[in-house]
Every structure is written in structure tokens, then in C-alpha cells.
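# The following block contains a protein sequence and its predicted model.
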Amino acid sequence: MTAESDLRVLLSDLSPEPHPGRYVYATVPDGTLPGGVAPVVTVREGEGLTLVLPEAEAAAAGLTYTYVAGWITLRVHSALEAVGLTAAVSLALTDAGISCNVVAGFHHDHLFVPYERVGEAVTVLERLVAESRTG
């Protein structure tokens, strides 16, 4: 499967897929991954290791966390050099008043939105797909 970079095609084929569960952001100042956790995202920063992981794992490991989120994967295979996808998705969610943290994987983009607004975010993204197909 070839990665897509044409914005119109990307938007037409977003296929937003919500994952079940609640995900949280936590940080480990010493950069050591605690036992028993399997984060879906890690980011190494000067202040420590940021983890995005299931809420239950964070609680079990005794991690302090904030921002309980739902995880949505955009199933379209977006090229890392594609221009405008993050901006278009962010604008649509901004217009709906939904915060969004975007993580780019090699094959897909992943969105972390407030947990209680996952369904609404998927609806907004599906509307963006419909508009891109007709416009």
C-alpha cells in the first residue's frame, strides 16, 4: 500500500476509527518505563518520558496523569510528507470546540480527543469526509 499525499484523497478516505477505552497522558521524569505498562505512544522530552497509555495501566502503575482521552485512528495511509491533513482535521475539530492531540505514525495519524467527545469527534470527521467527496 502506497502512502497518499494528495489532500483531497486523504480527506475523502480518512476512515476515522475509534479505539475502545480511556487513554491518559503521564510523564516519567527519569525516563524509565515502569513495569506493567504498554504505552501506545512515547515521546522523550528534556523533562522526562511522556506516555500515552490506557488509564487502567497508569493507575495500576501509580502514575499521575491528566487529560483522559479517546483514541481515534485515521485509517487512510497518509504520507509523512503530506501537506494539510493535520491542519484540515484540526480546523474541523476546532470549529466544533474539540481539543485534539495528533500523533503521526508511519502509516496512520492518531488523534487523542477528550474521552467524552469521541463520538462527536468521529461525527465531525465523517462530515469532513462527506464534504471532501462532494466539494
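Now that the structure is in, tell me what you want to look at. A quick note: this is a predicted structure, and the numbers were derived from the prediction, not measured. Numbers count the residues shown, from 1 in each chain.

# Just the CA coordinates for the biggest helix by length in the chain, please, in PDB.
Taking DSSP state H as the criterion, the chain has its longest helix at helix 118-134. These are the backbone C-alpha positions of helix 118-134, laid out as PDB (Å, rounded to 0.1, in the frame of the first residue of the first chain):
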ATOM      1  CA  VAL A 118     -15.100  10.800  20.900                       C
ATOM      2  CA  GLY A 119     -18.400  10.100  19.300                       C
ATOM      3  CA  GLU A 120     -18.900  13.800  18.400                       C
ATOM      4  CA  ALA A 121     -15.300  13.900  17.000                       C
ATOM      5  CA  VAL A 122     -15.900  10.900  14.800                       C
ATOM      6  CA  THR A 123     -19.100  12.600  13.500                       C
ATOM      7  CA  VAL A 124     -17.200  15.800  12.700                       C
ATOM      8  CA  LEU A 125     -14.500  13.800  10.900                       C
ATOM      9  CA  GLU A 126     -17.200  11.800   8.900                       C
ATOM     10  CA  ARG A 127     -18.700  15.200   7.900                       C
ATOM     11  CA  LEU A 128     -15.300  16.300   6.700                       C
ATOM     12  CA  VAL A 129     -15.100  13.200   4.600                       C
ATOM     13  CA  ALA A 130     -18.500  13.800   3.100                       C
ATOM     14  CA  GLU A 131     -17.700  17.400   2.300                       C
ATOM     15  CA  SER A 132     -14.400  16.500   0.600                       C
ATOM     16  CA  ARG A 133     -16.200  14.000  -1.600                       C
ATOM     17  CA  THR A 134     -18.800  16.500  -2.800                       C
END
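
# tell me the mean pLDDT for it?
For helix 118-134, mean pLDDT is 96.

# Please apply the same query to stretch 91-106.
For stretch 91-106, mean pLDDT rounds to 97.

# can you list contacts of that stretch?
Contact with stretch 91-106 is made by 25, 41, 52, 67, 69, 78, 80, 86, 89-90, 109-114, 117, 120-121, 124-125, 127-128, as judged by C-beta atoms under 8 Å, 6 or more residues apart in numbering. For glycine as for every other residue, the C-beta is placed from the backbone atoms N, C-alpha and C.
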